[in-house]
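Undergrad: Give me a 3D structure for the following:
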Amino acid sequence: TWQRVHDVLRGKVRERDGRDLQPSAAVLDSQSVKTVEGGEQIGYDAGKRVRGRKRHVLVDTLGLLMGVAVSSASVQDRPGARRILAGIRRVFPRLGLVWVDGGYVNSKDATLVDWARENEDIEIVAVPRNADVKGFQVLPRRWVVERTFGWLTRCRRLTRDYERKTAHAEAMIQFAMIRLMAARLADEHIEPRGPIETEAARRLAEDTND
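TA: Model (predicted):
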C-alpha cells in the first residue's frame, strides 16, 4: 500500500514539473549509516569506516525515489546495484541511462556495465570525481542523489538506522519521500540552507528551465 501511495505521488510531482510519468534516466548511489539496535544484516563498511547498514537508492533527475534496497554495510556497491536494477525495466520501461560514481565501474570489475546492458538494456555511465580537488565536490548528475540523501537524513528517524529489519528500513525511506512529495504538491516552500543546498537548488532550477 505504501509503495502504491509513493508511486502515485511521484507521478504527480513529475507531472506538475512537466516531466513524463516514466523517467528515462536515473542516478544510483549508496549511503552507509550506523545502526542503533541489533537486527538483521549488520556489517562493516571498511571504506567509510561505518558499522551498520547501507542504503542503495535509485532516483530520477528530480531526486525522487525510484527504488531502494537496504543491506548490510559490508555489501559492495556493485552487488547492491544489481539488486536494485534487476527487473527495473518492468517498472520503468523508458529507463535507459543510469549515472553512477566510479566505485560502480572500475578497471578491476566492470561486469556491472555488461550485466546491465545485457539483462536490463540499461547504459551505465560513471561520473568521476576530480582527483585534484579535495573535500566535497558538486558533480554533474551525481549531486541529485546526494541531495536526496540530504533530504532523507533531515528526518530524525533516518539519521541512523533504528530498524531491526531491512524491510522496515526501506519502508521508512518511502515514508520520508511520501512526506516530502506531499509537502511539495501542497506548495509548502522550504528555503535552501547552507552552500550545498543553495547550489543544488540553483542547478535544479537550471535543469528545469532547460
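Undergrad: what's the span of stretch 183-202 from first residue to last?
TA: 20 Å (C-alpha to C-alpha, to the nearest Å).
Undergrad: Just to be sure, residue 52 is in a strand?
TA: Yes. Applying DSSP: H, G, I helix; E, B strand; the rest coil, one finds residue 52 inside a strand.
Undergrad: Dig out what it forms beta bridges with.
TA: Beta-bridge partners recorded for residue 52 (DSSP bridges): residue 34, residue 43.
Undergrad: and the residue most central in space within the chain, which of the three is it?
TA: Nearest to the mean C-alpha position of the chain, counting by C-alpha atoms, centre = their mean, stands residue 57 at 3.2 Å. Using three-state DSSP, the structure places residue 57 in strand.
Undergrad: State the three-state secondary structure for the closest residue to it other than its chain neighbours.
TA: In space, residue 57 comes closest to residue 68 once its chain neighbours are excluded; the distance is 5.1 Å by C-beta to C-beta, 6 or more residues apart in numbering. C-betas here are computed from N, CA, C, even on glycine. Under three-state DSSP, residue 68 falls in the strand class.
Undergrad: wait, doesn't residue 68 sit right on residue 84?
TA: Yes. In this structure, residue 68 is within contact of residue 84 by C-beta atoms under 8 Å, at 7.3 Å.
Undergrad: Could you tell me which residues touch both of these two?
TA: Common contacts of residue 68 and residue 84 (C-beta atoms under 8 Å, 6 or more residues apart in numbering): 56, 57, 58.
Undergrad: show me the contacts for the second one.
TA: Read it as residue 57. Residue 57 touches 28, 29, 30, 31, 65, 67, 68, 84, 145, 148, 149, 173, counting by C-beta under 8 Å, 6+ apart.
Undergrad: got any ranges where the chain has weak pLDDT?
TA: Where the chain drops to pLDDT under 70, the residues are 107-109, 129-140, 189-192, 196, 204-210.
Undergrad: ranges for the strands of it?
TA: With DSSP state E as the criterion, the chain has strands at 25-34, 43-45, 50-59, 65-72, 97-100, 123-126.
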